[in-house]
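**Q** sequence first, then the predicted structure:
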Amino acid sequence: MKFEQYQKLRDLALKNCLEEGQAYPEPAGLNPIVLAYIGDVVFSGYVRLRLLPNSGQVRVLHDLAARMVSAVCQAGAMHSMAAELTEEETGVYHRGRNAKSMVPKSASVQEYREATAFEALVGYLYLEQRPERCEELMAKAFRFIVKHYKEGKKCKSS
């Protein structure tokens, strides 16, 4: 995307932010990277709130949260529960996993795609207003990640 095109899209988005009562787009029609963007925020908030009762030190909370929401940990958690997904969730998972994006150096391509699939699924469930299922999957992911850290293992699937 050219910079001028980016500027026009950004300005339009800012202008539209002032309009009240806007409905969310249909989650099924959103780009899986957009779903992952929302899912990242939702899961990060979930992890921070789950960690909050365990320490009053921001540095400890931040360090644990940063490790827990890493692509490697999310990939391991997603891999561990992929077989439990409904047909609809599996479709979102595949769309997220197959989405093309930049891969950071901190994870392999496969790990990053699995993490993107997890985040896209969380974002989808959040936007579909299915808090119980969203919470269930995030809780399973959280338990998977904590278990691996407590056992001194990396977050890869067993």
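**A** Everything's here; your move. Numbers count the residues shown, from 1 in each chain.
**Q** so where's this structure shaky on pLDDT?
**A** Per-residue confidence for the chain (pLDDT under 70) gives these ranges: 154, 156-158.
**Q** helices of this protein, residue ranges please.
**A** Using DSSP state H, the helices of the chain run over residues 3-17, 32-51, 58-68, 71-81, 87-98, 109-127, 131-150.
**Q** buried stuff in the fourth one?
**A** I take that to be helix 71-81. 71-81 (16 or more other CB atoms under 10 Å). All C-beta atoms are positioned from the backbone trio N, CA, C, and that covers glycine.
**Q** how far is it from where the chain is centred?
**A** In terms of CA atoms, centre = their mean, to the nearest Å, the centre of helix 71-81 is set 11 Å apart from its chain centre.
**Q** ok and it relative to helix 87-98, angle-wise?
**A** Angle, helix 71-81 to helix 87-98, by axes from the mean of the first three to the mean of the last three CA atoms, to 10 degrees: 150 degrees.
**Q** output helix 71-81 as CSV, restricted to C-alpha atoms.
**A** What follows is helix 71-81, C-alpha atoms only, in CSV (Å, rounded to 0.1, in the frame of the first residue of the first chain):
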residue,chain,number,x,y,z
ALA,A,71,3.2,-16.8,19.6
VAL,A,72,5.0,-19.9,20.8
CYS,A,73,2.8,-20.3,23.8
GLN,A,74,-0.4,-19.5,21.9
ALA,A,75,0.6,-22.0,19.2
GLY,A,76,1.1,-24.8,21.7
ALA,A,77,-2.2,-24.1,23.4
MET,A,78,-4.0,-23.9,20.1
HIS,A,79,-2.5,-27.2,18.9
SER,A,80,-3.5,-28.9,22.2
MET,A,81,-7.2,-28.0,21.7
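**Q** good, we can wrap up now.
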